[in-house]
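[1] below are the sequence and a predicted model for it; my questions follow.
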Amino acid sequence: MNDAPVVISVEGVTIAYGEHVVQRDVSFDVRRGEVFVILGGSGCGKSSLLKTMIGLYRPAAGRILYDGEDIVTAEGEDRVRLLRKFGVMYQSGALFGSMTVLENVRLPLDEFTDLGGEEKELVAAAKLNQVGLLDAASRKPSALSGGMQKRAGIARAMALDPGILFLDEPSAGLDPITSAGLDRTIRELSKGLGITFVVVTHELQSIYAIADRCVMLDARTKTMIAEGRPADLRDRAKDPYVRQFFLRQADPAAAATEGSRSS
């Protein structure tokens, strides 16, 4: 995996809303075919970084390169071409309730391809099959469980065959068994199809199950404080906060504060 080519480079990125800095000077590479996790505590800017990486937010500083091309400065057809390199599954799945599952997955094909109707149906059905959801093709999203909605969201993100998939909190709101099944699907898609995943999550069990590498953002210092394999960060990280996170230990300072309040 270490020899795989770099497909995304985040270089010195600072995210800010006006004068409020969320993260500063964030840099890392994502390599082809790996499952790369962006993690950290609540409010650290994980989702803001994801939205910056996919071009929804413009960074206050820095570059985001896809195969060496900067999506921040790209315009017109060049920007459209870069955006086609990836698909996105948002936290809620973001399915249209008035459409069937198949119609939801087919939507990107309707918008961006010249395929015939039958071809679109076949492609959409194939994507649903890849996430184990073909039997639900004719159902409405409201008839699906939370885990099935997430799978449908992944299928739609795969519709145009991007090489990269961004997943925002895929395990949020799922029970442990459903979450484990979704983790397995992500690993199977990564290994079987060679898809590169960038996943935002703070769910420890999912991180250990899916991540080849990860970076950790910190709300206190407003920057990236760790990068590496989950087990290595758990066992050998120099920053005690990183070890606390991976070992699921309470922050002694926070515990002391809570104790003083209760007394």
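    Cool, got the structure. Numbering: from 1, shown residues only.
[2] rest of the way, CA atoms for contacts and neighbours
    Will do.
[3] what's next to stretch 104-113, contact-wise?
    95-96, 115, 120-121, 123-124, 127-128, 152-153, 155-157, 159-160 (C-alpha atoms under 8 Å, 6 or more residues apart in numbering).
[4] now that stretch: how far from the chain's centre is it?
    21 Å (C-alpha atoms, centre = their mean, to the nearest Å).
[5] quick check: mean pLDDT across it?
    Averaging pLDDT along stretch 104-113 yields 92.
[6] likewise for stretch 47-62?
    Mean predicted confidence for stretch 47-62 is 94.
[7] just the strands in the stretch 151-263 of the chain please.
    164-168, 196-200, 213-218, 223-228 (DSSP state E, counting those that start in this stretch).
[8] deepest-packed of the ones you listed, please.
    Scoring those by mean neighbour count under mean count of other C-alpha atoms under 10 Å gives strand 196-200 as the most buried, with a mean of 26.
[9] name every strand pairing with that one and say which way it goes.
    strand 35-40 (parallel), strand 164-168 (parallel) (DSSP bridges).
[10] looking at these, spot the one closest to residue 75.
    Smallest distance to residue 75 across the strands paired with strand 196-200 (C-alpha to C-alpha): 20.4 Å, for strand 164-168.
[11] run the chain-centre distance for the closest one.
    Using C-alpha atoms, centre = their mean, the offset of strand 164-168 from its chain centre is 4 Å.
[12] for the record, mean pLDDT for it?
    So the average pLDDT for strand 164-168 ends up being 95.
[13] pull that strand out as PDB, backbone CA atoms only.
    C-alpha atoms of strand 164-168 as PDB (Å, rounded to 0.1, in the frame of the first residue of the first chain):
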ATOM      1  CA  ILE A 164     -12.500   7.800  -4.800                       C
ATOM      2  CA  LEU A 165     -15.500   7.700  -2.400                       C
ATOM      3  CA  PHE A 166     -15.900  10.200   0.500                       C
ATOM      4  CA  LEU A 167     -18.100   8.900   3.400                       C
ATOM      5  CA  ASP A 168     -19.300  11.300   6.100                       C
END
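[14] name the residues that touch that strand?
    47, 50, 85-91, 154, 157-158, 195-201.
[15] got a list of what residue 89 touches?
    With C-alpha under 8 Å, 6+ apart, residue 89 has these contacts: 150, 153-154, 156-157, 165-168, 170.
[16] make it 7 Å
    Counting by C-alpha atoms under 7 Å, 6 or more residues apart in numbering, residue 89 touches 153-154, 157, 166-168.
[17] between those residues, which sits nearest residue 103?
    Once C-alpha to C-alpha is applied, the member of the contacts of residue 89 that ends up nearest residue 103 is residue 153, at 11.8 Å.
[18] nearest to residue 59, out of the strands of the stretch 151-263 of the chain?
    Across the strands of the stretch 151-263 of the chain, closest to residue 59 is strand 223-228 (C-alpha to C-alpha), at 13.9 Å.
[19] adjacent strands (with direction) for the closest one?
    Paired strands of strand 223-228, with direction, are strand 213-218 (antiparallel) (DSSP bridges).
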